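**Q** Just the structure for this:
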Amino acid sequence: MTSQNKLLEIQNLNKQYDDTKVLSDVSFNVHKGEVVVLLGASGCGKSTLLRCINGLEEIQSGEIKLNGEIINENDTKWHLVRQKIGMVFQNYDLFPHMTVMENILLGPLKVQKRNKSEATSQGLKLLERVGLLDKKDAYPRQLSGGQKQRVAIVRSLCMNPEIMLFDEVTASLDPEMVREILDVMLELAKEGMTMIIVTHEMEFAKAVADRIIFIDGGKIAEESSPEEFFATPKTERAQRFLNIFNFERGAL
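**A** Next up is the predicted model:
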């Protein structure tokens, strides 16, 4: 991919809590339409990295650029940046006292000041696309975990972001609900949505990723295509990580 279609650039990003370094000199680019999957053991810094990109965590040094412009300066208006960088979390974060449509329209109407009929039309189309049009007037308590997560994805998409960040969005779901969320994300990838995904679903990572970034101890330990990473990981640490998912009969 050429430098002209770089959408997001992370350069020498460092993050620490007190004396604990969480991310160390992390650098990578994401091109328009690319799906990058972040893999690594729990606690390696993957989720923190997403939160830094979205301005939810302050970094100590480094640059984050969106469309060539630095977005992590002292005067950054993050409420505007987050309209371009959507993020979906593990725990849905839906407002329990609002209906599905009210949750979806809150950002477009209150933050973006968009026309209500136009935003409503988009929201309804997105709900139909994820199979939840019949739930538009339901409240979160009336939805399953998988349905809540699909609503959270629609809510983010309705802001028309340029890039989507997904932080372990299936981690709190029952196994039978996981597939419905992964199918939505696969469809977004096919349609060219730029995404950074943190997941422990290895088969999904293999299917959706254009590039795998393996993080270990807050550093990028390996970066390659999914085919190369899963077949012939370069580092011993990545080999050990993948072996966790390769149970053989009689191995336990």
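**Q** Show me the shaky parts of the stretch 1-150 of the chain.
**A** Scanning the stretch 1-150 of the chain with the threshold set as pLDDT under 70 gives 1-4.
**Q** show me where it has strands.
**A** Along the stretch 1-150 of the chain, counting by DSSP state E, counting those that start in this stretch, strands occupy 6-17, 20-31, 35-39, 61-66, 69-70, 85-88.
**Q** From the contact counts, what lies against the second one?
**A** Contacts of strand 20-31 with other secondary structure elements, assessed using 3 or more C-beta pairs under 8 Å, 6 or more residues apart in numbering; DSSP states H and E, are made with strand 6-17, helix 46-53, strand 194-198, strand 219-224. Every C-beta, even on glycine, is put in place using the N, C-alpha and C of the backbone.
**Q** Tabulate the strands of the stretch 1-150 of the chain (CSV), appending mean neighbour count and distance to Glu187.
**A** Formatted as CSV, the strands of the stretch 1-150 of the chain follow (neighbours: other C-beta atoms under 10 Å; distance: least, C-beta to C-beta, whole Å):
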stretch, mean neighbour count, distance to Glu187
strand 6-17, 18, 20
strand 20-31, 17, 19
strand 35-39, 25, 12
strand 61-66, 17, 24
strand 69-70, 12, 30
strand 85-88, 24, 14
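**Q** quick one: which of those strands is nearest Cys52?
**A** With C-beta to C-beta, the closest approach to Cys52 among those belongs to strand 6-17: 5.7 Å.
**Q** who's in contact with that closest one?
**A** The contact list for strand 6-17 (C-beta atoms under 8 Å, 6 or more residues apart in numbering) reads 21-32, 34, 45, 48-49, 52-53, 57-68, 162-163, 194, 196, 218.
**Q** hang on, the earlier thing: let's have the helices and strands packed on strand 20-31 in CSV, adding distance to Ile181.
**A** Formatted as CSV, those follow (distance: least, C-beta to C-beta, whole Å):
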stretch, distance to Ile181
strand 6-17, 23
helix 46-53, 17
strand 194-198, 11
strand 219-224, 26
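**Q** looking at it, Lys234 is touching Glu223, isn't it?
**A** No - contact between Lys234 and Glu223 fails when scored by C-beta atoms under 8 Å: they sit 9.3 Å apart.
**Q** how much distance is there from the helix ranked longest in the chain to the middle of the chain?
**A** Longest helix of the chain, by residue count under DSSP state H: helix 175-190. Relative to its parent chain, helix 175-190 has a centroid offset of 13 Å by C-alpha atoms, centre = their mean, to the nearest Å.
**Q** Enumerate the positions of it that are buried.
**A** Within helix 175-190, the residues that qualify as buried are 177-178, 180-182, 184-185, 188-189, counting by 16 or more other C-beta atoms under 10 Å.
**Q** could I get these as JSON lines with pLDDT and distance to Phe95?
**A** Formatted as JSON lines, these follow (pLDDT from 0 to 100; distance: C-beta to C-beta, whole Å):
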{"residue": "Met177", "pLDDT": "87", "distance to Phe95": "21"}
{"residue": "Val178", "pLDDT": "90", "distance to Phe95": "24"}
{"residue": "Glu180", "pLDDT": "89", "distance to Phe95": "22"}
{"residue": "Ile181", "pLDDT": "92", "distance to Phe95": "20"}
{"residue": "Leu182", "pLDDT": "93", "distance to Phe95": "25"}
{"residue": "Val184", "pLDDT": "94", "distance to Phe95": "21"}
{"residue": "Met185", "pLDDT": "95", "distance to Phe95": "23"}
{"residue": "Leu188", "pLDDT": "95", "distance to Phe95": "24"}
{"residue": "Ala189", "pLDDT": "95", "distance to Phe95": "28"}
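**Q** can you tell me which two in these are farthest apart?
**A** Met177 and Ala189, at 19.5 Å, using C-beta to C-beta across the buried residues of helix 175-190.
**Q** between the strands of the stretch 1-150 of the chain, which one is nearest to Lys113?
**A** strand 85-88 (17.8 Å).
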